[in-house]
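> Compute the structure for the input listed below.
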Amino acid sequence: RLRLSATCALLERRDVIVVSSVSCIYGLGEPDDFAQMVISLRQGAEWDRDELLRRLVEIRYDRNDVAFERNMFRVRGDTVEIFPAYWKDSAIRVEFFGDEIDRISEINPVTGQAQRVLQHVAIYPASHYVTTKEKMDRALGQIRTELEDQVKYFNDNEMLVEAQRIRQRTEYDMEMMRELGYCSGIENYSRIISDRPAGSAPMTLLDFFPDDFLLFVDESHFYKNMFLYTKMRNIAGIAQTDAQKSSDMFAKCQYLDEITGGKGVTFATGTPVSNSMVELYTIMRYLQYDTLQKLHLGHFDSWAASFGETVTAIELSPEGTGYRAKTRFARFFNLPELISLFKESADVQTADMLNLPVPEAEYINEVLKPSETQQEMVSSFADRAERVRNGNVDPRTDNMLKITNDGRKLALDQRLINDLLPDEPESKVNLCVENAYQVWEESTPDKSTQLIFCDLSTPKADGTFNVYDDVREKLVAKGIPREEIAFIHE
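All right, here's what the predicted structure looks like:
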């Protein structure tokens, strides 16, 4: 309902704000077909009542004279009542006098009481996957061709069951689309109905926006992994990998900047730079691309030569068994000029400027010694890392990401590597249990609440070891009532 409401508003008016999550890139039908199927009703206009009923069925409304719900219409003599699929608490009553619309009213769908009289109303389709009969007939022919090709492939490979199943299901869907204009799972045929080439991206909510829409991107740091060209090699923080979503965002930003004069995109994030100053360059590419080109700073190496330098330092190796020299791009110079340039598009708000009411925190660091088992495993990580660096192992079998992930598990509890290993009395988990129980005892008179964060070993309810259940069982054994301990997953 909300997606239909958003698309209808976008086609109807200019002052629309759409708040969307990932659903904005879910596949939808053709915007042109959706707009073409709209039914426009105006007081005094000539309309045949039966023609209106036929058009309502074409745009996926069901007739039900008893149960009046969204997506339905009912007929009472010369009166037709329509409950739009994108409305929640109101319906439309259309009263005819012969072949002329005598009155249009907005009514309460429960009581039927008229709330206001309307001069005009547009009834939008109840589904995004609507199209004209001509397009549907053409699509059915193409579906038939692809079906025969697929059935032939299955038969040639002696996959007779698959051939029968796909023919039976597809022919049923084709019959439904031929008679009713839709079928269950019609989105699977949207590419053919829209006459798009194979492999092309489907239409989404973004395709319903006008060309000059404004884009607000929250948590924009999720788009910082964008490809860049550079001659710098073996420098941490300069990734030349590329995320498709970042490239797509960059294309949208450039398009909107072109048609809005650089005012079409707003980014919002609390962590614009978290790992490397390369992220700052990426943000400026999104929001200040033309400015960088004018200053001859469009290429990363030119930008880096103006505002930063590489720093080599000794760091702990990922496997945790030694140290090595690592070069990072992490030091700024010409900082006033960089800040001035960045603030042309950035409104920076710090905690001191906001002055929000934040409670004071007491930080306590617990230092533990590794067990003998953990020390032996860390040594094995070093051997694995050496084999990975030397190329002696298939990356699909072992790689640095797997090694570091195993290291995180081992640091939390060795039983995450092998649940048959012993529960070390002085492990992180057991110390956490002791501290949590002590706080519970001290705060029992006030009935205070504790929050314990753990981003590894979440409960899976499959009988395998996990830290969540282990902590709870140990706290219950110490005397804390089980009903006072809850997981966020519950």
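> going forward, measure contacts and count neighbours with C-alpha atoms only.
Will do.
> now for whichever strand or helix holds residue 386, which elements pack on it?
Using DSSP states H and E, residue 386 maps to helix 372-389. If you count contacts as 3 or more CA pairs under 8 Å, 6 or more residues apart in numbering; DSSP states H and E, helix 372-389 packs onto helix 400-412.
> which parts of the helix it packs on are buried?
Within helix 400-412, the residues that qualify as buried are 400, 402, 403, 404, 406, 407, 409, 410, 412, counting by 16 or more other CA atoms under 10 Å.
> Residue 327 versus residue 388, what's the distance?
To residue 327, residue 388 is 20 Å away according to CA to CA, to the nearest Å.
> And for residue 338?
22 Å.
> for residue 451, same thing?
38 Å.
> Pick out whichever of these two has more residues nearby.
residue 327 (17 against 8; other CA atoms under 10 Å).
> Could you verify my assumption that that one touches residue 236?
Yes: counting by CA atoms under 8 Å, residue 236 is a contact partner of residue 327 at 6.2 Å.
> What values do phi and psi take at residue 28?
phi -130, psi 180 (degrees, to the nearest 10).
> Now stretch 247-258 - C-alpha only, PDB.
Below are the C-alpha coordinates for stretch 247-258, written out as PDB (Å, rounded to 0.1, in the frame of the first residue of the first chain):
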ATOM      1  CA  SER A 247      29.100   3.100  -8.900                       C
ATOM      2  CA  ASP A 248      25.400   3.400  -9.300                       C
ATOM      3  CA  MET A 249      25.200   6.100  -6.600                       C
ATOM      4  CA  PHE A 250      28.000   8.000  -8.300                       C
ATOM      5  CA  ALA A 251      26.200   7.900 -11.700                       C
ATOM      6  CA  LYS A 252      23.000   9.200 -10.000                       C
ATOM      7  CA  CYS A 253      24.900  12.000  -8.200                       C
ATOM      8  CA  GLN A 254      26.400  13.200 -11.500                       C
ATOM      9  CA  TYR A 255      23.100  13.000 -13.300                       C
ATOM     10  CA  LEU A 256      21.300  15.000 -10.600                       C
ATOM     11  CA  ASP A 257      24.100  17.500 -10.300                       C
ATOM     12  CA  GLU A 258      23.900  18.100 -14.100                       C
END
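> shaky segments in the stretch 151-300 of the chain?
For the stretch 151-300 of the chain, applying pLDDT under 70 flags the ranges 237, 239-240.
> how about the helices of it, start to end?
Taking DSSP state H, counting those that start in this stretch to define them, one finds helices in the stretch 151-300 of the chain at 160-180, 190-193, 244-260, 278-287, 289-294, 300-307.
> Distance from the last one to the middle of the chain?
It refers to helix 300-307. Taking CA atoms, centre = their mean, to the nearest Å, the mean C-alpha location of helix 300-307 is offset from the chain mean by 33 Å.
> helices or strands up against it?
Secondary elements touching helix 300-307 (3+ CA pairs under 8 Å, 6+ apart): none.
> for the next helix or strand along the chain from it, which positions count as buried?
Following helix 300-307 in sequence order, the next helix or strand is strand 308-316 (DSSP H and E). Buried residues in strand 308-316, counting neighbours by 16+ other CA under 10 Å, are found at 308, 310.
> Distance from the very next helix or strand once past strand 308-316 to the middle of the chain?
Using DSSP H and E, the helix or strand that follows strand 308-316 in sequence is strand 323-332. Per CA atoms, centre = their mean, the displacement of strand 323-332 from the mean C-alpha position of its chain is 34 Å.
> rewinding a little: select, out of the helices of the stretch 151-300 of the chain, the one closest to residue 230.
Closest of the helices of the stretch 151-300 of the chain to residue 230 is helix 300-307, at 5.9 Å (criterion: CA to CA).
> now that closest one and helix 278-287, what's the angle there?
110 degrees (axes from the mean of the first three to the mean of the last three CA atoms, to 10 degrees).
> For the residue lying closest to residue 460 once chain neighbours are set aside, report the pLDDT, please.
In space, and not counting its chain neighbours, residue 460 is closest to residue 466: 7.9 Å by CA to CA, 6 or more residues apart in numbering. Per-residue pLDDT puts residue 466 at 90.
> now do residue 398
So, for residue 398, pLDDT stands at 90.
> Now do the nearest residue to it once chain neighbours are set aside against residue 375, distance only.
Leaving out its chain neighbours, the residue that sits closest to residue 398 by CA to CA, 6+ apart is residue 388, at 7.1 Å. To residue 375, residue 388 is 20 Å away according to CA to CA.
> Who has more neighbours out of those two?
Taking other CA under 10 Å, residue 388 and residue 375 do not tie; residue 388 has more neighbours (18 against 14).
> For the more buried one, which residues are in contact?
395, 398, 399, 400 (CA atoms under 8 Å, 6 or more residues apart in numbering).
> again with residue 230
299, 300, 301.
> now with 7 Å?
By CA atoms under 7 Å, 6 or more residues apart in numbering, the residues touching residue 230 are 300, 301.
> Adding distance to residue 477, write the contacts of residue 388 out as JSON lines.
Output for the contacts of residue 388, formatted as JSON lines (distance: CA to CA, whole Å):
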{"residue": "395", "distance to residue 477": "44"}
{"residue": "398", "distance to residue 477": "39"}
{"residue": "399", "distance to residue 477": "40"}
{"residue": "400", "distance to residue 477": "39"}
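> what's the spacing between the residue with the largest distance to the centre of the chain and residue 49?
Here the chain reaches farthest from its C-alpha mean at residue 98, the gap being 50.9 Å by CA atoms, centre = their mean. Note on residue 98: its distance to residue 49, by CA to CA, is 8 Å.
> show me where pLDDT drops low in the stretch 351-490 of the chain?
Using pLDDT under 70, the stretch 351-490 of the chain has no residue that qualifies.
> ugh, wrong one, I meant the stretch 1-150 of the chain
Using pLDDT under 70, the flagged stretches of the stretch 1-150 of the chain are 22.
> quick one, strands of it?
39-42, 62-63, 72-76, 79-83, 91-97, 100-107, 114-118, 120-123 (DSSP state E, counting those that start in this stretch).
> between the ones you listed, which gets nearest to residue 154?
Of the strands of the stretch 1-150 of the chain, nearest to residue 154 by CA to CA is strand 62-63, at 38.1 Å.
> Report all helices and strands that the closest one contacts.
If you count contacts as 3 or more CA pairs under 7 Å, 6 or more residues apart in numbering; DSSP states H and E, strand 62-63 packs onto strand 72-76.
> tell me the angle the strand it packs on makes with strand 91-97.
Using the same axes, to 10 degrees: strand 72-76 against strand 91-97 is 30 degrees.
> Starting from strand 72-76, tell me which strands it pairs with and how they run.
strand 62-63 (parallel), strand 79-83 (antiparallel) (DSSP bridges).
> Comparing the ones you listed, which stretch has the densest surroundings?
Ranked by mean neighbour count, the strands paired with strand 72-76 are led by strand 79-83 with a mean of 23 (mean count of other CA atoms under 10 Å).
> what's the angle between that one and strand 100-107?
40 degrees.
> Alpha carbons only: can I get strand 79-83 in CSV?
Provided in CSV are the C-alpha atoms of strand 79-83 (Å, rounded to 0.1, in the frame of the first residue of the first chain):
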residue,chain,number,x,y,z
THR,A,79,-23.7,4.1,-7.7
VAL,A,80,-20.1,2.6,-7.9
GLU,A,81,-18.0,2.7,-4.7
ILE,A,82,-14.2,2.2,-5.1
PHE,A,83,-11.7,1.5,-2.3
